[in-house]
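structure here, sequence nowhere to be found:
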Ligand SMILES: CSC[C@H]1O[C@H](OP(=O)(O)O)[C@H](O)[C@@H]1O
C-alpha cells in the first residue's frame, strides 16, 4: 500500500537478491523503519519479536527464512533444522507451517546446487500469491459493505479488531482489504478501531494504515465494542484469522470471541476475512484443538508510547508485584460467524461452505 506516495509491500528482496527487507512494525506508528534480514536466525527473530506479524506475513517471512537458510547450507539436515526453528517461532498462525512445508517440499525435490535459488523463487511466488489473494478478499468483502451501505442509505460503521490490514499480509490485508476497496469506490464509511491490548496492533497499526489511506476511523478501547453495538453504532464487524478449522471455527487475536458474542447478541453481522492459506483442514473443533500462543506477561505489564518530548518510551502500567498472563489468541465458534470472506468468495462458516469454495484442498 501507499505510504506518503510511495508503494510498499511489507516484505521484499533487494535488487541484488541478497537481503530480505521488512518493515519493523514494533516501531510504528511513531517511526517508519525497515530492517534487513540476512540469515535464517534473523528471520526467526523477526517473527518471534513481532517485527513482522500477521498470519500471512509470518508465513512469507518463514519462506524467505528457509531461502536464507538454503543459501547458508542447502543440505537436507540443515533445511529440516531451519524449518523446525522457524516453525517454533509462533505456534498459532497456520500460515507459517503451510508456507514452510510448501517451500521445504520444493527444495528437497531440487538438486542441492539449485535449492537456494529455488527457495527465493518460491518465497517470491508465495508473496505474489498472497498479495493477489488479499486483493481478491478485498473485492469479495467490498460487496458486503456495498450492500450494507445500500440497505442503510448512509455512513456504514464498521468495527475491526487487532490489525488485519496490509501490514499483516504482503499487501492489501484481509479484514481491511474490503474497507480499502469500499472507500476507494466512494462508499461513505467509518471504522471503529479496537486498540487491541496488550500490543495495541489496532491503535498502532490499523490506525496508522487507515490514516495513511485517509479513511475515517476512531480508536476505541477493546471493551467499548459491545456498548456501541447496543446503541446501533456498528453496522458490521470484520476481523482477520490466524487459523480457521474445516468447521469454520476461527482463531484470531484475543478479544475477538468477546466481540463476536456482542455482535451475536445485538444482531450485528460478524465477518471473518481469510485467505485459503489460513485454513487448517485437519482440525474441526477450534476451541479444543488450536494451540494458543502465550507470550511474555511483560507485554501486559508494560506499554510503549510517545512522550511529550517526542521520545518513544516504555512504561510499566501494573504494580511490580502483580503477575500478568498474556494469551495471544482466542477461538470464535462458527455459530457466531456470519460468513467467511475468502479470495474465492464468501461462504457460510461451515464445512459445507468451505468445501464448496475449496473442494480440492478439502479432499487432501
Ligand atoms: C491477516 S492475519 C492478522 C491477524 O494476526 C494478528 O495476530 P498477531 O498480530 O499476533 O500476528 C491478529 O490475530 C490478526 O487478526
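Yes, it's here. Computed from a prediction, not measured in an experiment: that's the story for all the values here.

every contact and neighbour count from this point should use C-alpha atoms.
Fine.

low-confidence stretches in the chain?
In the prediction, the chain carries no residues with pLDDT under 70.

run through the helices of it in chain order.
Along the chain, counting by DSSP state H, helices occupy 40-48, 55-72, 76-87, 94-108, 115-152, 177-184, 201, 207-212, 225-230, 256-265, 286-289, 298-301, 351-357, 359-363.

and residue 13, what does it touch?
By C-alpha atoms under 8 Å, 6 or more residues apart in numbering, residue 13 lies in contact with 19-21.

what sits closest to the closest residue to the ligand within the stretch 1-150 of the chain if chain neighbours are left out?
Going by C-alpha to the nearest ligand atom, the ligand is nearest to residue 54 of the stretch 1-150 of the chain, at 3.5 Å. Closest residue in space to residue 54, ignoring its immediate chain neighbours: residue 168 at 3.9 Å, by C-alpha to C-alpha, 6 or more residues apart in numbering.

give the contact list for that neighbour.
Taking C-alpha under 8 Å, 6+ apart as the test, what residue 168 contacts is 52-57.

neighbour-wise, which one of these leads?
Using other C-alpha atoms under 10 Å as the neighbour test, these are led by residue 56, with 35 neighbours.

quick one, what contacts that one?
Contacts of residue 56 (C-alpha under 8 Å, 6+ apart): 95-96, 130, 168-170, 277-278.

now render the residues you listed as a markdown table, adding distance to residue 350.
Shown next, in a markdown table, are those (distance: C-alpha to C-alpha, whole Å):
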| residue | distance to residue 350 |
| --- | --- |
| 95 | 20 |
| 96 | 23 |
| 130 | 23 |
| 168 | 25 |
| 169 | 24 |
| 170 | 27 |
| 277 | 17 |
| 278 | 15 |
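
enumerate every residue touching the spatially most central residue of the chain.
Compute the mean C-alpha point of the chain, and by C-alpha atoms, centre = their mean the closest residue is residue 54, 3.0 Å away. The neighbours of residue 54, taking C-alpha under 8 Å, 6+ apart as the test, are 93, 163-164, 167-169, 242.

what's the answer for residue 12, then?
Counted by C-alpha under 8 Å, 6+ apart, residue 12 has contacts 20-22.

next one: residue 210
216-217.

repeat that for the one 3 residues further on.
When the contact criterion is C-alpha under 8 Å, 6+ apart, the partners of residue 213 are 2, 180.

on that earlier part again, reformat the contacts of residue 56 as CSV; add distance to the ligand.
CSV is the format used below for these (distance: C-alpha to the nearest ligand atom, whole Å):
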residue, distance to the ligand
95, 9
96, 11
130, 10
168, 5
169, 6
170, 10
277, 10
278, 8
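
which of the residues you listed are buried, as a PyMOL select command?
Selecting only the buried entries of the contacts of residue 56 in PyMOL, with 16 or more other C-alpha atoms under 10 Å as the criterion:
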select buried, resi 95+96+130+168+169+170+277+278
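
just to revisit the earlier point, out of the contacts of residue 13, who's the most crowded?
That'd be residue 20 among these, by other C-alpha under 10 Å, with 23 neighbours.

one step back: list just the nearest of the contacts of residue 12 to residue 297.
residue 22 (26.2 Å; C-alpha to C-alpha).

excluding sequence neighbours, find me the nearest residue to the closest one.
residue 11 (4.5 Å).

touching stretch 184-193 from outside, list them.
Stretch 184-193 has contacts (C-alpha under 8 Å, 6+ apart) with 146, 149, 154-162, 183, 202-203, 206-207, 215-220.

and with 7 Å instead?
155-161, 183, 202-203, 207, 216-220 (C-alpha atoms under 7 Å, 6 or more residues apart in numbering).

hmm, back to that, in strands, which of the contacts of residue 12 appear?
20-22 (DSSP state E).

could I get those residues as JSON lines with distance to residue 140?
Formatted as JSON lines, these follow (distance: C-alpha to C-alpha, whole Å):
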{"residue": "20", "distance to residue 140": "31"}
{"residue": "21", "distance to residue 140": "30"}
{"residue": "22", "distance to residue 140": "28"}
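
so which residues on the stretch 251-364 of the chain come close to the ligand?
By C-alpha under 6 Å from any ligand atom, the residues of the stretch 251-364 of the chain that approach the ligand are 252-253.

so which residue of the stretch 251-364 of the chain comes closest to the ligand?
residue 253 (3.6 Å).

what's the local residue count around that residue?
25.

that one and residue 331 touch, don't they?
No. Assessed by C-alpha atoms under 7 Å, residue 253 is found out of contact with residue 331, at 8.6 Å.

find the nearest non-adjacent residue to residue 220, please.
residue 194 (5.2 Å).

what do you get for residue 339?
Nearest residue to residue 339 in three dimensions, chain neighbours excluded: residue 348, at 4.7 Å (C-alpha to C-alpha, 6+ apart).

what do you get for residue 172?
residue 166 (4.3 Å).

closest to residue 5 among the contacts of residue 13?
residue 21 (19.2 Å).

residues from the stretch 51-200 of the chain in reach of the ligand?
The stretch 51-200 of the chain comes close to the ligand at residues 53-56, 162-164, 168-169, 174, as judged by C-alpha under 6 Å from any ligand atom.
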